[in-house]
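In: Any chance you can model this:
(4 chains)
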2 protein chains.
Amino acid sequence: MKVLVVEDDVKIAAAVKRGLEREAFVVDVANDGDVGLWQATEGTYDVIVLDLMLPGRSGFRVCADLRGAGDWTPILVLTAKDGEFDEAEALDTGADDYLTKPFSFPVLVARLRALLRRSGTGSAPVTELGPVRIDEGRRRVSRDGEEITLTAREFDVLAHLVRAEGRVLSKREILDGVWEYDFDGDPNIVEVYVGRLRRKLDREGFSLIDTVRGAGYRAGS
Amino acid sequence: MKVLVVEDDVKIAAAVKRGLEREAFVVDVANDGDVGLWQATEGTYDVIVLDLMLPGRSGFRVCADLRGAGDWTPILVLTAKDGEFDEAEALDTGADDYLTKPFSFPVLVARLRALLRRSGTGSAPVTELGPVRIDEGRRRVSRDGEEITLTAREFDVLAHLVRAEGRVLSKREILDGVWEYDFDGDPNIVEVYVGRLRRKLDREGFSLIDTVRGAGYRAGS
DNA sequence: CCGCTCATTCAGCGACTGTTCAGGATGGAG
DNA sequence: CTCCATCCTGAACAGTCGCTGAATGAGCGG
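Out: Numbers count the residues shown, from 1 in each chain, chains lettered A, B, ... in the order given. Just a heads-up that it's a prediction; the model follows:
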């Protein structure tokens, strides 16, 4: 589950990033509105946390621009309680929820999850592929009813492939979708994870992830 | 992209209609279940937004009747959160997704788009030429339902020819379209690949790729 | 501070596939 | 009918791609 945090206060940004990562989110941070907008359009995020008071392009503008460009990634807006910006106004611009600073961390997480659930990105109805059952909401996987434990990364890679609904995803696409945007390590890591998923999920006569040589990987169908 | 909105609350119906029209949908509204069912069967819609609580025929019935009549237009169901109707139940009746009222507009649009994407109305690059079926997204090819494995290059060449929809492509064009820009090897390689494709795909009485001597190759039509 | 889990890198191996080449087949022009 | 350009094909080779096990190190909990 990828989150983009657009926040100029470096300390807050870092704290939020660390906290969300502990909750198994993959987090990218942008420190001003322009970079934020750019990253939001380039990358594929499941949800965006957007401060309204930003250097460069304001949160309002970012929100409006994204929506104007047809990007409906759920947005949770952060506002200062002194209320220079009005929450209702933010919602009008196309935000989906808001939170006034200072906020408690559990609340942020709860609201994010609620947002993901509502927008359907997070609660993709449980998917079944052969004997394997993938519950994105609870981040659980089972085969023949038996629970299988995956690490956060393993789950993200699997979920990403499953969401593609049979399309072939290149290693590059998987990297972009699951790892932080500035990851520039060896794409071989995708192979490593696919290998691990196979060892955990495949069984005699059933293989969940196909290799499409020269193109990427494909799950299901 | 045509949407049918079946909703008895006139204000909600109007708001949704206006909003969706701003998103470039073409919207028809029905105010009760019977009219809704009738319009759904008469017209051809890409997706139906269906309230469950309706005068006349309930949303459940509409859904069930449509499915019973073999109409599989994607349906997004609107439920009141007080939960007189159960979402799971709606999905059982044949709905494809649900949203609880009140909902935010962007969420509705996002879900509709997701639904359209999933149901393939939005993008399905699956081409059939005679007995051969080419699925570009899944990178799969089959003849008479039987899967045929192609290498990456083979698939790319085939896809390129298929995309030309019957136009003749010169070897040069195929090279430029499929190989890297700076490829300066023997154009004979195209012949080699066409040959391999033929051996894999052609059968008695059917040949997928025609040679147009002196000009290039052509697939389909 | 120690032991654990997990993410990442690396190198080696094996199989597959892209490419080349040369000789045979084919078709059209004259 | 003949000849030449064009196309087809089988075989061979080298390089690429994907898989794996092991090693390393960061981070967390005890």
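
In: going forward, measure contacts between C-alpha atoms and count neighbours the same way
Out: Fine.

In: Would you mind naming what in chain A lies close to DNA strand C?
Out: Contact residues, chain A versus DNA strand C (Cα under 7 Å from any atom of the strand): A:150-154, A:179, A:184-189, A:192-193, A:213-214.

In: Of those residues, which belong to strands?
Out: Judged by DSSP state E, strands contain none of these.

In: Please check those and keep the buried ones.
Out: Buried by 16 or more other Cα atoms under 10 Å in any protein chain shown: A:150, A:152, A:153, A:154, A:179, A:193, out of the residues of chain A next to DNA strand C.

In: Okay, and which of the residues you listed map to helices?
Out: A:152, A:153, A:154, A:193 (DSSP state H).

In: if I look at the closest residue to the third one other than its chain neighbours, how far off is residue B:36?
Out: In this case it means residue A:154. Closest residue to residue A:154 apart from its sequence neighbours, by Cα to Cα, 6 or more residues apart in numbering or on different chains: residue A:193 at 6.2 Å. Separation of residue A:193 from residue B:36 (Cα to Cα, to the nearest Å) stands at 49 Å.

In: show me where chain A has strands.
Out: Assigned by DSSP E, chain A shows strands spanning A:2-6, A:26-30, A:47-51, A:75-80, A:97-101, A:127-129, A:132-135, A:140-143, A:146-148, A:209-212, A:216-219.

In: want to try JSON lines for the ones you listed, with distance to residue B:15, mean pLDDT and mean neighbour count as columns?
Out: Converted to JSON lines, the strands of chain A look like this (distance: least, Cα to Cα, whole Å; pLDDT from 0 to 100; neighbours: other Cα atoms under 10 Å in any protein chain shown):
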{"stretch": "strand A:2-6", "distance to residue B:15": "31", "mean pLDDT": "93", "mean neighbour count": "25"}
{"stretch": "strand A:26-30", "distance to residue B:15": "35", "mean pLDDT": "91", "mean neighbour count": "22"}
{"stretch": "strand A:47-51", "distance to residue B:15": "26", "mean pLDDT": "93", "mean neighbour count": "26"}
{"stretch": "strand A:75-80", "distance to residue B:15": "22", "mean pLDDT": "86", "mean neighbour count": "23"}
{"stretch": "strand A:97-101", "distance to residue B:15": "20", "mean pLDDT": "81", "mean neighbour count": "17"}
{"stretch": "strand A:127-129", "distance to residue B:15": "33", "mean pLDDT": "82", "mean neighbour count": "15"}
{"stretch": "strand A:132-135", "distance to residue B:15": "34", "mean pLDDT": "86", "mean neighbour count": "19"}
{"stretch": "strand A:140-143", "distance to residue B:15": "39", "mean pLDDT": "89", "mean neighbour count": "18"}
{"stretch": "strand A:146-148", "distance to residue B:15": "45", "mean pLDDT": "90", "mean neighbour count": "12"}
{"stretch": "strand A:209-212", "distance to residue B:15": "44", "mean pLDDT": "96", "mean neighbour count": "18"}
{"stretch": "strand A:216-219", "distance to residue B:15": "40", "mean pLDDT": "95", "mean neighbour count": "22"}
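
In: I'd like those written out as TSV, with distance to residue B:45 added.
Out: Output for the strands of chain A, formatted as TSV (distance: least, Cα to Cα, whole Å):
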stretch	distance to residue B:45
strand A:2-6	34
strand A:26-30	38
strand A:47-51	30
strand A:75-80	30
strand A:97-101	31
strand A:127-129	27
strand A:132-135	31
strand A:140-143	36
strand A:146-148	41
strand A:209-212	35
strand A:216-219	30
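
In: No further questions, thank you.
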